Structure formats: structure tokens, C-alpha cells
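Asks: let's see this in three dimensions:
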Amino acid sequence: MKKKIELLMLGVVVVAAVIVVVLTSGGNGRNGIDSVEAAISSSELKKEITIRNVTDEIVHFSIKSADASVSSQEVSLEIGKISHFKTAKPLFITFERAGRTDSYELDAGKPYSFRYDEDDLLQIYDGSHGREDAVDLAPYVPTPMSVVEKMLELAEVDADDLIFDIGCGDGRIVITAAKKYGARGIGIDIDPQRIRESKESAKEADVEDLVSFRMDDATKIDLSTATVVTIYLLPESNALLVPQLEELKPGSVVVSHNYTIPGWEDKEIESVEMEDITGSHHTIFLYRR
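Replies: Have a look, this model is predicted:
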């Protein structure tokens, strides 16, 4: 009986201590609760949706939350600029495209970009990041393994090569080159999650001694030591890399998945069309510096 009373008294003391902490936090109970709510709110607002304008025109759009009581916001996004929307919930975006109105739901915490589609019409795509200090080259879309194999085959990769993969994603190109041909490789990506995935995959493939991965802005790296460069970006992004590609040593090759390199028409030596296992069509362009 005595033991039960002692346990009961201990419980009372603990509850009292908790009450004291709440009441003294911020000066009174309400302020203590407010501070907790503020902390939760602050945590939620760490999420944001970013929208970058990668087109050559000012883009006008409206954006609103799913809450019908909240009115939509009209935005004019200048060329090359980014709009930031702090939100823990999806937002709905509406814009004009080819004389009609298009609407999309945007997920909280994700980057997006206004670009032109294959018909040169305004469209919104997943972005690669929402950073102000780096160019958004392309969304993350993994290259099918059959295309990876063909890219390396066309480049005639061997153990003497140093491959730079721009926008390396999960690292599959340089990892495959290392495992199959013994080539060295460096993967470049701006997304820390992709770099983590690449390093984990390299460890699993047991090629950590041949490959490395760097989180960096691809438009600012030195490519002059590469013998092979692989890219799966967009045409305007490929154009941005031309000054760096011009620094490659004569005889170096560049392999581009699906998109040509503007201004390098005279350096294209081959293009190959193929289908992956899903039936999707791909074109691989091979260039020699």
C-alpha cells in the first residue's frame, strides 16, 4: 500500500512539473501553447514551392491554395527569375497556353520550371532545384539502362577514359562505365539526394575506387580533363555548357541523350535511334571535339 501511495505521489509531482514548464514558457500558459504552435507552423513553412522562368518571355499565371476561401494570387514572373511560395500544402496554378487555359496541381516542397515543350509552347515541368544561385538545367529523369549501355558503347569507353556525367542523377552512367569497362568517372549533380544515392550505388557496385560524385553547379565546373562527357539535359541547357565543352581536348567525345548541342552541328559524327524495354523512343547524339 505504501508503495502505491509513493507511486501516486510521484505521478502528481511529474504532472505538476509539466504544468509549471508550460505556464512559465513565454510567461503564461497561452504563450507557452502559442510558442509550440509557432514552432509547428515554422516547421511546416520550411516547405515551399518554387517556380523558375526558363523561357524568353515574362510568364503570367495565377496560383491559389485548395482552400476555397482564399483568393488566387496573380503573378508576373520575369525571365530567369524564381517565385517562392511558402506552403505545406499543394497549390493550384493556372496559365494561358496556345489560346487555352491550363491548370495543374503543384506539390509542396518541390521545384518547378516554366519551359517550352517540343512544340515550342509554354509548359510547366518539374524542376531540378529551386536555388537562386544556380541554373536549373533539367528535371531528374533517369536514363534507361539500355540507353546507358548504348551511350557508353558509342563513346567506345575503355579503362583509359575519364568520364564526366553532367546531371548524374543516381550515378548509373559512371558506375556502369566503371563496372563494365574499368573507366574512371565523376558525376556532377546539384541535388544532395542524388549525390547520396550515387555514392550508395557506387558502394554497392564496389567501384568506389573508380568513381566520385560532386554536388556542384555544372555550368561552373572544369571539364578540360574529361575524355568523355555524357549529358541528358535540355537544348537550352546544352547550349549553356558549350563554352566548357570547347575546353575539351581534341578527340574527346560528348554523348547527349535525346537533345542536340546547339552550335555543335559540325562536330556531330553519329546519331542513333532506339527503343527501351517500355517501347519509348530515344535518340543518342555522338560528338567529337
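
Asks: all helices for this structure, in order.
Replies: 2-24, 29-44, 145-154, 172-181, 192-205, 235-245 (DSSP state H).

Asks: chain neighbours aside, what residue packs nearest to T227?
Replies: Distances taken as Cβ to Cβ, 6 or more residues apart in numbering put D161 closest to T227, at 4.7 Å, once the chain neighbours are dropped. (Glycine included, C-beta is placed from N, CA and C.)

Asks: buried ones in stretch 124-137?
Replies: Neighbour-count burial for stretch 124-137 flags I124, Y125, G127, S128, H129, G130, R131, V135, D136, L137 (criterion: 16 or more other Cβ atoms under 10 Å).

Asks: flag the least confident of these.
Replies: Of all these, S128 carries the smallest pLDDT score, 80.

Asks: thought it was touching V141?
Replies: No - applying Cβ atoms under 8 Å as the test, S128 and V141 come out as separate, 9.9 Å apart.

Asks: gap between D160 and R184?
Replies: Applying Cβ to Cβ, to the nearest Å, the value for D160 to R184 is 9 Å.

Asks: ok, those two, which is more surrounded?
Replies: Per other Cβ atoms under 10 Å, whichever of D160 and R184 has more neighbours is R184, with 20 against 10.

Asks: the more buried one bridge partners, please.
Replies: L162 (DSSP bridges).

Asks: distance of it relative to M145?
Replies: Distance from R184 to M145, counting by Cβ to Cβ: 20 Å.

Asks: ditto for T101
Replies: According to Cβ to Cβ, T101 stands 39 Å off from M145.

Asks: repeat for T55
Replies: 33 Å.

Asks: and the two? Which one has more around it.
Replies: Of the pair T55 and M145, T55 is the one with more neighbours under other Cβ under 10 Å, namely 17 against 13.

Asks: which non-adjacent residue is nearest that one?
Replies: F114 (5.5 Å).

Asks: tell me, how many residues neighbour that neighbour?
Replies: When neighbours are counted by other Cβ under 10 Å, F114 comes out with 22.

Asks: ok, the one 5 residues further on next?
Replies: A count of neighbours around D119, defined by other Cβ under 10 Å, yields 7.
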